[in-house]
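Asks: Compute the structure for the input listed below.
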Amino acid sequence: MNKTFDNCLRVALAVTLLAGFSLMSARGDLQPPSEFTLAVSGADINIRFGTVAGQTYAVEKSTTLAPSDWTAILGNVSGTGTVQTAADAGAASLPKCFYRIRYSLALSADPGFALIPAGSFQMGDAMGDGYTSQLPVHTVNVSGFYMEKNLVTKAQWDGVYTWAVAHGYVFDNVGSGKAANHPVQTVNWYDCVKWCNARSEKDGLVPSYTVGGTTYKTGQSSPVCNMGASGYRLPTEAEWEKAARGGLSGKRFPWGDTISRSQANYYGYTGYYYDHGPNGYNPTYNDGVLPYTSPVGSFEANGYGLYDMAGNVWEWCWDWMGSYGSGEVSDPSGPASGLYRVVRGGSWPAYADRCGVANRFSYFPASGDGNFGFRVVCSSVP
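Replies: Here you go, the predicted structure:
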């Protein structure tokens, strides 16, 4: 798989004038859209393109052509041989806009990632036995995205980390791991965000995080996240919860309403009526040497093919911790600022109540220990 050579049709529009059109990075196994037109309707720009079966498409926009400026206005469209349209409201009033269509073979997506389809879900504790921070239950609409099936392993971390430090990145922690196939841990939020940028650059993708318009590589800053960039990023907590539910509705865990140590690496305690235990740490991974993490993918996947969405290590999310509202929202990304970043999913020493799909926990972004790891997502085909 080659992430660098996604095909792009670039179109430059100055007010209502079509200024240029070119095909970039052609590959013999890909076919360009069967048609491509732009039309102005009042203040809006309408993009029309014909799809090819077996390929996926994303329409992206930029006003500067800077690598970090591209944002998706339509993404994860599967080609069926029909015509698709995308509208950019108000764009005709801008001095200039640039549009491109990224397309790739539907079957060429990284098999290590799972597509989380667009749609709505009920976010929060539908069981009514959790914490007030998980309430009220509310409707959230989430755009489609791709999530890595497994937690980032120590081996993955090391490969990108070595490249990153040779290319100007500075991390707070070198990262730890029980073994190469165990999740990396002892990484803080800043480490994870910078690692996502480094992996993006290493794979020829547009980094998601910037500070002052430049790629975030050093220090402890609160970066801007370009959610539509092609690179890797942390999930929002809404994306994480939708993915963790695996397509189920109103359940406590990724697979149903009860939990046992045969389903996840956590601390069993049958004092919770939904915990079938047995009590204590999982003896398979309790070797007397902390932390008691397990190799990624040691338990059954959820309905989306994701592993370890309950237990093993807490997973850093993008959001600052904040309160829920009661109204319906679309693609929420949390408060603009805060003291703590959200972590989700529970960990190897966590009780069952902390491993539920609706459970919310938070931590200082500058801190991290043997309970904290992460996984990445992409907004377009990885």
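Asks: which residues of the stretch 1-150 of the chain fall in strands?
Replies: For the stretch 1-150 of the chain, applying DSSP state E, counting those that start in this stretch gives strands covering 7-14, 17-24, 36-41, 44-50, 55-62, 71-78, 83-88, 97-105, 113-116, 119-123, 138-142, 145-148.
Asks: measure residue 59 to residue 300 for me?
Replies: 37 Å (Cβ to Cβ, to the nearest Å). The way it works is simple: take the backbone N, C-alpha and C, and place the C-beta from them, glycine included.
Asks: Between those two, tell me which one has more neighbours.
Replies: A count of neighbours by other Cβ atoms under 10 Å puts residue 59 above the other of residue 59 and residue 300, at 22 against 11.
Asks: remind me which residues of the stretch 101-250 of the chain are low pLDDT?
Replies: Within the stretch 101-250 of the chain, the ranges that satisfy pLDDT under 70 run 104-109.
Asks: Can you show me the helices along the chain?
Replies: For the chain, the helices defined by DSSP state H cover 154-165, 189-202, 237-245.
Asks: worst average pLDDT in the strands of the stretch 1-150 of the chain?
Replies: Ranked by mean pLDDT, those bottom out at strand 17-24, which scores a mean of 28.
Asks: May I see the helices of the chain arranged in a markdown table, with distance to residue 143 and mean neighbour count as well?
Replies: Putting those into a markdown table (distance: least, Cβ to Cβ, whole Å; neighbours: other Cβ atoms under 10 Å) gives the following:
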| stretch | distance to residue 143 | mean neighbour count |
| --- | --- | --- |
| helix 154-165 | 26 | 18 |
| helix 189-202 | 18 | 25 |
| helix 237-245 | 9 | 26 |
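Asks: just so I know, which of the ones you listed lies nearest residue 46?
Replies: helix 237-245 (28.5 Å; Cβ to Cβ).
Asks: list the helices and strands that closest one packs on?
Replies: strand 113-116, strand 119-123, strand 138-142, strand 145-148, strand 314-320, strand 341-344 (3 or more Cβ pairs under 8 Å, 6 or more residues apart in numbering; DSSP states H and E).
Asks: Next, format the ones you listed as JSON lines and append distance to residue 93 and mean neighbour count.
Replies: Listed next are the helices and strands packed on helix 237-245 as JSON lines, based on distance: least, Cβ to Cβ, whole Å; neighbours: other Cβ under 10 Å:
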{"stretch": "strand 113-116", "distance to residue 93": "34", "mean neighbour count": "22"}
{"stretch": "strand 119-123", "distance to residue 93": "32", "mean neighbour count": "16"}
{"stretch": "strand 138-142", "distance to residue 93": "27", "mean neighbour count": "18"}
{"stretch": "strand 145-148", "distance to residue 93": "30", "mean neighbour count": "24"}
{"stretch": "strand 314-320", "distance to residue 93": "31", "mean neighbour count": "25"}
{"stretch": "strand 341-344", "distance to residue 93": "37", "mean neighbour count": "27"}
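Asks: out of those strands, nearest to residue 196?
Replies: Evaluated over these, closeness to residue 196 peaks at strand 314-320, with 10.0 Å, by Cβ to Cβ.
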